[in-house]
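In: curious how this folds, go ahead:
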Amino acid sequence: MQVRVRLFALLRERAGADEVELELPEGSLVSDALAQISALTDGVPVVMAVNREYTDLEAVLHAGDEVALIPPVSGGEVGVVHVRVTHEPLALDPLIELVRDPRAGAVVTFLGVTRDVAVLEYEAYVSMAEAKIAAIVAVAIERHALCAAAAEHRIGTVPLSEASVAVAVSAPHRPEAFAGAREIIDEIKAQAPIWKREEGEWVSGVTPG
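Out: Sure, this is the predicted structure:
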């Protein structure tokens, strides 16, 4: 089957074309398409979309689908996007270093920590969560003209007072930095496929979409 892959910015320049056609076996995944053009994406964090909807590496492709490979978007210059879902403890200092930028007059950070209970337990559909968080961060960079943004979410057991989610953003001015950080954390809580268990019970939330 044939699949059309659209390219933008740096990826378009590398390929020398706006799009490429791939021939893939029936039932191929987004990851299969990405593997065929890995030379184009080398060193560039990309967010995937199929038929104009953000998706993850395990999405099944169909003949005629339009796949878009979206590099980090920007407000003027390319913004840094860093995303990670991990079992490791989170720390703000490494994120602050990632978002430092000579254009930035403000750096805003956020930590969400365990409170009131001894531990919280988190589970995630990791590959999809990272893709969704990357899309959220990229949109926030564009919407608020951020210089850079980073977000990490911890999974597994998170003890009292330790961080389960960390966000850092930089921007030329503080209103945009605060707005961008707020949007990222709010959208992660609403959209990322991450689940929380408190004292043995799964915490109900919203249906993503």
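
In: tell me which residues in stretch 49-63 are buried?
Out: Across stretch 49-63, burial judged by 16 or more other C-beta atoms under 10 Å covers 49-50, 54-57, 59, 61. All C-beta atoms are positioned from the backbone trio N, CA, C, and that covers glycine.

In: farthest pair within those residues?
Out: Maximum pairwise distance among the buried residues of stretch 49-63 (C-beta to C-beta): 14.7 Å, between Y54 and L61.

In: what sits against Y54?
Out: Neighbouring residues of Y54 by C-beta atoms under 8 Å, 6 or more residues apart in numbering: 47-48, 131-132, 135.

In: E23: neighbour count?
Out: By other C-beta atoms under 10 Å, the residues close to E23 number 9.

In: give me the subset of the contacts of Y54 lying in strands.
Out: Within these, residues falling in strands by DSSP state E are 47-48.

In: tabulate the contacts of Y54 (a markdown table), appending neighbour count and pLDDT.
Out: Formatted as a markdown table, these follow (neighbours: other C-beta atoms under 10 Å; pLDDT from 0 to 100):
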| residue | neighbour count | pLDDT |
| --- | --- | --- |
| V47 | 25 | 73 |
| M48 | 22 | 75 |
| A131 | 25 | 84 |
| K132 | 24 | 86 |
| A135 | 24 | 86 |
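
In: closest one of the contacts of Y54 to L22?
Out: M48 (13.4 Å).

In: Serialize the contacts of Y54 to JSON lines and add fields for distance to R14.
Out: As requested, the contacts of Y54 are exported to JSON lines (distance: C-beta to C-beta, whole Å):
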{"residue": "V47", "distance to R14": "17"}
{"residue": "M48", "distance to R14": "17"}
{"residue": "A131", "distance to R14": "21"}
{"residue": "K132", "distance to R14": "26"}
{"residue": "A135", "distance to R14": "22"}
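
In: and the contacts of Y54, which two are furthest apart?
Out: Longest span within these, C-beta to C-beta: M48 and K132, 10.7 Å.

In: between the two, which contacts overlap?
Out: With C-beta under 8 Å, 6+ apart as the test, M48 and K132 both reach 54, 56.

In: using CSV, write out the CA atom coordinates for the host helix or strand of A129.
Out: Per DSSP states H and E: A129 is located in helix 126-144. Output of helix 126-144 as CSV, limited to C-alpha atoms (Å, rounded to 0.1, in the frame of the first residue of the first chain):
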residue,chain,number,x,y,z
VAL,A,126,4.4,5.2,27.7
SER,A,127,4.9,5.6,23.9
MET,A,128,1.5,7.3,23.4
ALA,A,129,2.0,9.4,26.5
GLU,A,130,5.3,10.7,25.3
ALA,A,131,3.9,11.5,21.8
LYS,A,132,0.9,13.2,23.3
ILE,A,133,3.0,15.3,25.8
ALA,A,134,5.3,16.2,23.0
ALA,A,135,2.4,17.5,20.9
ILE,A,136,1.0,19.4,23.9
VAL,A,137,4.5,21.0,24.5
ALA,A,138,4.9,21.9,20.8
VAL,A,139,1.5,23.6,20.7
ALA,A,140,2.2,25.6,23.8
ILE,A,141,5.5,26.8,22.3
GLU,A,142,3.7,28.0,19.2
ARG,A,143,0.7,29.5,21.0
HIS,A,144,2.6,31.4,23.6
